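Colleague: fold the stuff below for me.
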Amino acid sequence: MAKQLSPSTANHDLKVARMLFRAARRDHLIADDPAEFVSTIRQRDSDVKRPFTLAEIEAVVDVADAEWRSLIFFAFYTGQRLSDLAALTWNNVDLERGEVRLITGKTGRRMIIPIAPALRVHIESMATSQDSKSPLHPRASRILAQRGNSSMLSRQFAELLAQAGLREKTTHVGRGKTRSVRREVNALSFHSLRRTATTLLHEAGVAAAVAQALIGHDSEQVHNDYINVGRDALKNAVATLPTIF
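Modeller: Numbers count the residues shown, from 1 in each chain. Okay, here's the model as predicted:
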């Protein structure tokens, strides 16, 4: 699998296999766990991907339409994934308490994120709806619902990067490769906004546990580290992020 797919995909399937064999040994169906000593795959591409610079974000914002600009602002100030932001409704936004609340699709984690001052200005400028279940980003929400994932949205964002001169234009012409071939890794993607938010928080001197609580980390160990992080610490953290619009 590691020869054909990304390390994270291969490691995910290895994790599932380990769970199955561990359960089988627990239930005395097998004597030994064949996955016990199988090593995880090293993240070969971790040094390729990187965060945006502020100038690069501004370049993308300049070529984006209103909805994509909004998605970029939300990603920058909350650090959340594209699929979760596309699924946001007005019910997720509490301006009175100054919070965005959501349950992440990937990890099922409940997130309560203080609204950064600049993001609040943007939210207040958006056209609200009487229906609290109405999506904040209707077009992205519709694509997410139709496709069942954010792959199409990721491709659209890649096209924005190309328009901004930050990535080569894709022709969408097949190269004779099958779906099992590991996809090409690009240094910048929508996920880079998540990396950017994390990087800027650390550069601003925000404690690691606070930054991880704000972004929402997958690791159980990290979760255990930040369960006692207070709301004031998170609110102060988002206030350190610069204005990008």
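
Colleague: ok, and the closest non-adjacent residue to Pro7?
Modeller: Setting aside the residues directly before and after it, Pro7 is nearest to Ile41 in space (C-beta to C-beta, 6 or more residues apart in numbering), at 4.1 Å. C-beta: built from backbone N, CA, C; applies to glycine.

Colleague: count of residues packed around the one you found?
Modeller: Using other C-beta atoms under 10 Å, the number of residues around Ile41 comes to 16.

Colleague: close enough to count as contact, it and Lys3?
Modeller: No - taking contacts as C-beta atoms under 8 Å, Ile41 lies outside contact range of Lys3: 10.0 Å.

Colleague: which neighbours do the two share?
Modeller: Common neighbours of Ile41 and Lys3 are not found (criterion: C-beta atoms under 8 Å, 6 or more residues apart in numbering).

Colleague: picking that back up, list the contacts of the residue nearest to Pro7.
Modeller: Ile41 sits next to 2, 7, 10-11, 14 when contact means C-beta under 8 Å, 6+ apart.

Colleague: ok, of the residues you listed, which come out buried?
Modeller: Neighbour counting with 16 or more other C-beta atoms under 10 Å marks 7, 10-11, 14 as buried within the contacts of Ile41.

Colleague: from the residues you listed, which ones fall inside helices?
Modeller: Among the buried ones among the contacts of Ile41, the ones falling in helices (DSSP state H) are 7, 10-11, 14.

Colleague: hmm, which two among those residues are most spread apart?
Modeller: With C-beta to C-beta as the measure, no two of those lie farther apart than Pro7 and Leu14, at 10.1 Å.

Colleague: are there residues contacting both of these two? Which ones?
Modeller: Residues within reach of Pro7 and of Leu14 at once, by C-beta under 8 Å, 6+ apart, are 40-41.

Colleague: can you tell me the SS state at Met111?
Modeller: At Met111 the chain is in strand, as set by DSSP: H, G, I helix; E, B strand; the rest coil.

Colleague: number of residues surrounding it?
Modeller: Neighbours of Met111 using other C-beta under 10 Å come to 20.

Colleague: do you know how far it is from Gln212?
Modeller: With distances taken as C-beta to C-beta, to the nearest Å, Met111 is found 12 Å from Gln212.

Colleague: cool, and Thr243?
Modeller: Distance from Thr243 to Gln212, counting by C-beta to C-beta: 24 Å.
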